[in-house]
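> Take this sequence and fold it.
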Amino acid sequence: MENNEVIKIEHLTKDYGDGKGIFDINLTIEKGEMVGFVGTNGSGKTTTIRSIMGFIKPTKGQVLVNDKNTWEHYDEIVKNIGYVPGEIAFPDLKTGIDFLKSQAEFLSLRDLSYADELIEKLQLDPRANLKRTSKGMKQKTALVEALMDNADIIILDEPTTGLDPLMRDAFLDIIKSEHKKGKTIFMSSHIFEELEQTCDRVAFISEGKIIDVADMNEIRNRDVIDIKIEFDNERDYEKFLKDKFKIIRKQKEFSQVTAQVKKEELDDLFKSLSKLNVKFFKSEKYTLEKHFKLIMKNKEEK
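As a prediction, this is how the structure comes out:
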């Protein structure tokens, strides 16, 4: 039976002391799956990614890529992963062309047609001096290098840092295309919308621990709807509060409520509202950011 577990993180701990590091992380990424990784600065995203790449020796636990321990098989692992680090440092080469050619030689890559396609899509000028070029151009060069070999596994640490909005969209189109090809992708980002647009699942890390893994299908197709309602007067506001609907937010000063309603309850809601003086109502989109804020709120209240 084929093993579809491409990346397996098992009880991964890297303890730097003073509560800094990552602690008992468990996460499996299956073949062809795109998993996002989000958390605040210093929460452990980069340490986790560097551990996956085999750059950091764990204090406890392990990371397996295609059943091989990444710390023990580092040389083999790095050649088979398209990787963009969080902090980009280029070797002492003059231009982007020189760098991409040297990487092609390292990877024994003879066909650079896909690199040329990526250069065009990202509007990269590879003739520019690597040391003097902008952060955005450095980021584009790193993206081309990571993807040009058509590796089956792609690991990206904040890949859109330094890109302007148009180039960010161009990159997201590229990564969606890579996902459609069946690539296994793990991408950290501080921009929730990027992960919403591209990922199958998103892991949320806080203070070195994964506290939730969201299924984007469930986020997009949630069976309850949050509806914000404002009433003409306080009397109708109070009357509605006595009804059977679940209220998740009250703003008495504005005669506003936010009700959480199951889809099958919508008819009942509209019947109830038809008897009251309503200024407006609107459904509020449930986003990945809202989901994780709710998770954090519940965690803090425990």
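
> all strands for the stretch 151-300 of the chain, in order.
In the stretch 151-300 of the chain, the strands defined using DSSP state E, counting those that start in this stretch lie at 153-157, 184-188, 201-206, 209-215, 224-231, 246-251, 256-262, 278-284.

> Those: which one's closest to Gly42?
Closest to Gly42 of these is strand 201-206 (Cβ to Cβ; 10.2 Å). Glycine gets a C-beta too; all of them are placed from N, C-alpha and C.

> in its sheet, what does the closest one sit against?
As defined by DSSP bridges, the strand partners of strand 201-206 come to strand 34-38 (parallel), strand 209-215 (antiparallel).

> thinking again about what came up before, tell me which of the strands of the stretch 151-300 of the chain is the most buried.
Looking across the strands of the stretch 151-300 of the chain with neighbours counted as mean count of other Cβ atoms under 10 Å, the highest average goes to strand 184-188: a mean of 25.

> right, and Ile191 touches Thr160 too?
Yes. Judged on Cβ atoms under 8 Å, Ile191 makes contact with Thr160 at a distance of 6.9 Å.

> neighbour count winner among those two?
Higher neighbour count among Ile191 and Thr160: Thr160, with 23 against 15, using other Cβ atoms under 10 Å.

> Give the bridge partners for the residue most central in space within the chain, please.
In the chain, the centroid-proximal residue (Cα atoms, centre = their mean) is Gly36; its distance is 3.0 Å. Note on Gly36: beta-bridge partners Met187, Val202, judged by DSSP bridges.

> now the strands paired with strand 201-206 as a markdown table including mean pLDDT and distance to Glu76?
A markdown table is the format used below for those (pLDDT from 0 to 100; distance: least, Cβ to Cβ, whole Å):
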| stretch | mean pLDDT | distance to Glu76 |
| --- | --- | --- |
| strand 34-38 | 97 | 22 |
| strand 209-215 | 95 | 27 |
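
> what about those strands, which gets the closest to Asn298?
Closest to Asn298 of the strands paired with strand 201-206, according to Cβ to Cβ: strand 209-215, at 9.7 Å.

> Show me how far the closest one is from its chain's centre.
Averaged C-alpha coordinates place strand 209-215 at 11 Å from its chain's average position (Cα atoms, centre = their mean, to the nearest Å).

> Show me what it is in contact with.
Residues outside strand 209-215 that contact it (Cβ atoms under 8 Å, 6 or more residues apart in numbering) are 22-27, 44, 200-205, 288, 291-292, 295-296, 299.

> go with 10 Å
Applying Cβ atoms under 10 Å, 6 or more residues apart in numbering, the contact partners of strand 209-215 are 9, 12, 22-28, 35-39, 43-44, 48, 195-196, 199-206, 221, 288, 291-292, 294-296, 298-299.

> Please apply the same query to stretch 238-255.
Contacts for stretch 238-255 (Cβ under 10 Å, 6+ apart): 224, 226-237, 256-262, 265, 268-269, 272-273, 275-279, 284, 294.

> hang on, Arg110 packs against Met148?
No. Counting by Cβ atoms under 10 Å, Arg110 sits too far from Met148 to count as a contact (11.6 Å).

> List the residues that are in contact with both of these two.
Counting by Cβ under 10 Å, 6+ apart, the shared contacts of Arg110 and Met148 are Ala104.

> Give me the more crowded residue out of those two.
Shown here are Arg110 and Met148; by other Cβ under 10 Å, Met148 has more neighbours (23 against 7).

> In three-state terms, how would the nearest residue to the more buried one once chain neighbours are set aside be classified?
In space, and not counting its chain neighbours, Met148 is closest to Ala115: 3.8 Å by Cβ to Cβ, 6 or more residues apart in numbering. Put simply, Ala115 is helix when judged by DSSP: H, G, I helix; E, B strand; the rest coil.
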